[in-house]
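Participant: 3D, please:
(one chain, ligands or ions: 1)
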Amino acid sequence: MIKTLEWTDEGVVMIDQRLLPTEEVYPVFKTYEEVAWAIKEMVVRGAPAIGVAAAMGVALGASDAKTDDADELDRAFGQICDVIGSTRPTAVNLFWAIERMRKLYAGLRNEKTPLGEIRARLIAEANRMHAEDIEANRAMGAHGAELIPDGATVLTHCNAGALATAGYGTALGVIRAAAEAGKHVAVFADETRPFLQGARLTAWELNKDKIPVTLITDNMAGHFMKRGDIDCVVVGADRIAANGDVANKIGTYSVAVLAKENDIPFYVAAPISTLDLNIASGDQIPIEERSEREVTHVKEVRLAPDGINIANPAFDVTPNRYIAAIITERGVARPPYQESLKRLAAGASG
Ligand code: MRU
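Facilitator: Predicted coordinates for the structure are as follows:
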């Protein structure tokens, strides 16, 4: 199984996703500042993986804060959460994970728990979130696999695989589960400009698992849909609003519109931790703008002329009307999402 990230006594070990698929390197991030940097620079990426990395970063920061004074630890803890919380704005899992760590900390401090024990409990919580994420992906896979017909060709965008999570993946988890259930599945992977998560990461993962994968550039999806080569689309999500609007990697919206035009079901697979029921619609989801260089360059090679305007939104929002179902670890939500997501978030299975 691909190891995306792991807590060790030396720090947080993460596969450096910027170097894949040519180099498989596992650096150790020894301070919370280093973990924050790794999230921002996309050493680790993908909403659930960012969440778990954030929790581990918080635990690491609290362990390293060399003080026996509770008030001082309170201040340090607040600062650690703020620094990690300022890395990437769109994936709600980051804020969900930090909030969970904050709540645990506040509860333990209220009970006047010794600081050493608080530190140990924070580490245990981060590790629990790691294990829970894999479990959620397995459950999502089991629910989602039912939607994938035997012999299907599935199109996916970006990387919502083991690398984007603690393991197994959300969208790729659904595809893996269908394959494990004995179905014949093949995947079309959009390359996903500008960061190339599809070409570099999804193709790498699926190839390792011997699931047939065809890499296409983003502008080819419509062509293959129109020819009848794609049976369904499965993507991940970075944040899902209460009405079922989904923020995901830039380009997802175009794929959803093309799928609707061609009568192809468009599915989203995401854990409950990706729901943000505090916001009514996708209009309120903050969209990260990344550096111009990601668009103008491929590695060290400049593709575009100097002196032009560049835009690089990292995510877009797909309106709920394009989404046939949202697959979660608690079951499959169908429209109207306002009700179905609320039910699942409250703990019901769908
Ligand atoms: O910018 P990234 O690579 O972090 O964006 C990742 C995505 O958009 C994924 O599709 C999403 O986080 C779901 S991952 C299970």
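Participant: how about the strands of the stretch 251-350 of the chain, start to end?
Facilitator: Assigned by DSSP state E, counting those that start in this stretch, the strands in the stretch 251-350 of the chain fall at 266-269, 275-276, 297-298, 301-302, 315-318, 325-328, 331-333.
Participant: S340 and A270: what is the separation?
Facilitator: According to CB to CB, to the nearest Å, S340 stands 13 Å off from A270. Every residue, glycine included, has its C-beta placed from N, CA and C.
Participant: what is in contact with those two at once?
Facilitator: I326 (CB atoms under 8 Å, 6 or more residues apart in numbering).
Participant: Neighbour count: the two, which is higher?
Facilitator: A count of neighbours by other CB atoms under 10 Å puts A270 above the other of S340 and A270, at 29 against 20.
Participant: of all of the protein, which residue lies closest to the ligand?
Facilitator: With CB to the nearest ligand atom, the shortest gap between the chain and the ligand falls at G236, namely 2.7 Å.
Participant: Could I get the pLDDT score of that residue?
Facilitator: Predicted confidence (pLDDT) for G236: 99.
Participant: so who does the residue lying closest to it once chain neighbours are set aside touch?
Facilitator: Of all residues not flanking G236 in the chain, A160 sits nearest, at 2.7 Å (CB to CB, 6 or more residues apart in numbering). A160 is in contact with 46, 169-172, 234-237, 269, counting by CB under 8 Å, 6+ apart.
Participant: Give me the subset of those that lies in strands.
Facilitator: 234-235, 269 (DSSP state E).
Participant: what does the protein have sitting close to the ligand?
Facilitator: For the chain, the residues in contact with the ligand (CB under 6 Å from any ligand atom) are 45-48, 91, 158, 160, 164-165, 170, 197, 236-238, 248-249, 314.
Participant: which of these count as buried?
Facilitator: Listed as buried from these are 45-48, 91, 158, 160, 164-165, 170, 197, 236-238, 248-249, 314; burial here means 16 or more other CB atoms under 10 Å.
Participant: Can I take it that V154 is in a strand?
Facilitator: Yes: assessed with DSSP: H, G, I helix; E, B strand; the rest coil, V154 lies in a strand.
Participant: beta partners of it?
Facilitator: V187, C232 (DSSP bridges).
Participant: Number of residues surrounding it?
Facilitator: For V154, the count of nearby residues is 24 (other CB under 10 Å).
Participant: is it true that it touches M225?
Facilitator: No: V154 is not in contact with M225 according to CB atoms under 8 Å; the separation is 12.0 Å.
Participant: Identify the contacts common to those two.
Facilitator: In contact with both V154 and M225: no residue, using CB under 8 Å, 6+ apart.
Participant: the helices in the stretch 51-200 of the chain, which residues?
Facilitator: 70-85, 92-110, 115-145, 171-180, 197 (DSSP state H, counting those that start in this stretch).
Participant: quick check: mean pLDDT across the third one?
Facilitator: Averaging the model's pLDDT scores along helix 115-145 yields 98.
Participant: Any idea how far that helix is from the middle of the chain?
Facilitator: In terms of CA atoms, centre = their mean, to the nearest Å, the gap separating the centre of helix 115-145 from the centre of its chain is 15 Å.
Participant: And for the last one?
Facilitator: Here helix 197 is found 12 Å from its chain centre; the criterion is CA atoms, centre = their mean.
Participant: Contacts for that helix, please.
Facilitator: 45, 158-159, 249.
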